[in-house]
Every structure is written in structure tokens, then in C-alpha cells.
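Enquirer: sequence plus the predicted model coming up.
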Amino acid sequence: MDHGTQRWQWTCGGVETPVAQSDPLFPYHDRLANDDYFNIGFGTGWSFTPTVTAFATYAHGISGNNSHKVNQGVTIGFSYGFRPRAEAVGVAKQ
């Protein structure tokens with residue numbers, strides 16, 4: 001299961017960062033920032049069972065303004081999906 005990703009955000013207005021700690025908007029500056037970016041990446045995953053998966057992704061920041069720049073980022077992880085028992089959701093066993 002291979003995939004490519006792109007993340008693009010362009011905001012219209014907002015607060016210019018950095019914001020001084022004395023500014024009343026400081027507690028909200030991350031949510032209010034005039035944050036523009038374009039990132040690309042790719043990843044892959046391996047399913048060991050129907051509920052256990054391992055994955056790895058790589059991301060690279062192409063451009064950005066007023067944001068935390070992602071120059072290069074690597075994520076490696078495992079996921080486990082919890083599925084309810086058939087009896088709990090009213091599905092008859094076959």
C-alpha cells in the first residue's frame with residue numbers, strides 16, 4: 001500500500017507571526033496565523049493482519065509563510081484497529 005501526498009494551505013487574512021506574549025491574541029496565534037504552505041511526501045504501509053499495520057512516511061516542505069516549516073520529516077509507526085465482536089453489533093455468525 002504505497003501512496004503519495006501533498007498538503008497545500010493558503011489563508012486569506014489572519015495574524016502575522018511571531019506574536020508578542022503580551023499581545024491579547026497570543027494564546028490563539030497558532031489558530032489565527034496567516035499560515036501558507038505547500039508540502040509533498042510519500043509513504044508505505046504493511047498489513048500483518050486485518051487489524052495490525054506498520055507504516056512509514058516522508059514529508060518535505062516546498063514553501064511556507066508564517067508557519068512551522070517542515071524541511072524534512074519522517075514518521076514510523078504501528079496501528080492496531082479495534083473491531084467489535086459480531087455479537088456486540090448484532091451480526092449473526094455464518
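Expert: In hand now; what should we look at?
Enquirer: and the helix or strand bottoming out on mean pLDDT in the chain, what other elements does it pack with?
Expert: Ranked by mean pLDDT, DSSP states H and E, the weakest helix or strand in the chain is helix 29-32, scoring a mean of 87. Helices and strands touching helix 29-32, by 3 or more C-beta pairs under 8 Å, 6 or more residues apart in numbering; DSSP states H and E: there are none. The C-beta positions use only the backbone N, C-alpha and C, and glycine is treated the same way.
Enquirer: show me where the protein has its strands.
Expert: For the chain, applying DSSP state E gives strands covering 2-9, 36-47, 52-65, 72-80.
Enquirer: CSV for those, including mean neighbour count, mean pLDDT and distance to residue 21?
Expert: Below are the strands of the chain laid out as CSV (neighbours: other C-beta atoms under 10 Å; pLDDT from 0 to 100; distance: least, C-beta to C-beta, whole Å):
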stretch, mean neighbour count, mean pLDDT, distance to residue 21
strand 2-9, 10, 92, 25
strand 36-47, 15, 95, 24
strand 52-65, 14, 94, 22
strand 72-80, 10, 95, 27
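Enquirer: CSV for these, including distance to residue 27?
Expert: Formatted as CSV, those follow (distance: least, C-beta to C-beta, whole Å):
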stretch, distance to residue 27
strand 2-9, 22
strand 36-47, 22
strand 52-65, 22
strand 72-80, 26
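Enquirer: which stretch among these comes nearest residue 17?
Expert: Residue 17 lies closest to strand 52-65 among those, at 9.4 Å (C-beta to C-beta).
Enquirer: and the angle for the closest one with strand 2-9?
Expert: 30 degrees (axes from the mean of the first three to the mean of the last three C-alpha atoms, to 10 degrees).
Enquirer: so how far is strand 52-65 off the chain centroid?
Expert: Centroid separation between strand 52-65 and its chain, computed with C-alpha atoms, centre = their mean, to the nearest Å, is 8 Å.
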